[in-house]
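Colleague: fold the stuff below for me.
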Amino acid sequence: MTEKQFQIFCKVIYRVTVMTLMLQIVACGMMFWMFWRGMPEYQDVLMGLAGSIIWSLMLLSSKKTLFKRKEVKMGTLGDSGIMHSLGANIFWWCGYHFFELFFVLYAIWLYIKAVWL
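Modeller: Coordinates of the predicted model:
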């Protein structure tokens, strides 16, 4: 991975992270509004929001290994798995962000369904 590709990758990851954080804040506000109004569906929204936040925390805890530009030993199956560059880590970033966005968008969908549908 060249330096230019690395910089583009970091910008994309930063924008996706900020977008996910903003959606989590919106979902949190929706959940509190539903709780304040006494709607029992707030618990479903809370579960979706919690799932998204858990994936965010897992992404933050793995940030050090994902941003290394040298070989990283992944200790899942002994020393068998080695990632050689940040480019190989795109798979992990996409996976983490997919689940973050899946859970937060699911929480927002549950809110819309409970309030307007």
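
Colleague: stretch 98-115: which residues count as buried?
Modeller: 99-101, 103-104, 106-108, 110-111, 114 (16 or more other C-beta atoms under 10 Å). In short, each C-beta sits where N, CA and C put it, glycine included.

Colleague: as JSON lines, the residues you listed with pLDDT would be great.
Modeller: Formatted as JSON lines, those follow (pLDDT from 0 to 100):
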{"residue": "F99", "pLDDT": "85"}
{"residue": "E100", "pLDDT": "86"}
{"residue": "L101", "pLDDT": "87"}
{"residue": "F103", "pLDDT": "88"}
{"residue": "V104", "pLDDT": "89"}
{"residue": "Y106", "pLDDT": "90"}
{"residue": "A107", "pLDDT": "89"}
{"residue": "I108", "pLDDT": "89"}
{"residue": "L110", "pLDDT": "89"}
{"residue": "Y111", "pLDDT": "88"}
{"residue": "A114", "pLDDT": "88"}
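
Colleague: so which of the residues you listed comes closest to M30?
Modeller: Y111 (4.4 Å; C-beta to C-beta).

Colleague: contact partners for the closest residue in space to T20 that isn't next to it in sequence?
Modeller: Once flanking residues are discounted, T20 sits nearest to E100: 5.0 Å by C-beta to C-beta, 6 or more residues apart in numbering. Contact analysis of E100 by C-beta atoms under 8 Å, 6 or more residues apart in numbering lists 20, 52, 55-56, 59.

Colleague: counting neighbours, which of the residues you listed comes out on top?
Modeller: Within the contacts of E100, most neighbours by other C-beta atoms under 10 Å means S52, with 26 neighbours.

Colleague: ok so, going back, which helix or which strand is home to the residue nearest to T20?
Modeller: If you go by DSSP states H and E, E100 is part of helix 90-116.

Colleague: now, the contacts of E100 that are in helices?
Modeller: 20, 52, 55-56, 59 (DSSP state H).

Colleague: which two among the residues you listed are spaced furthest apart?
Modeller: S52 and L59 (10.5 Å).
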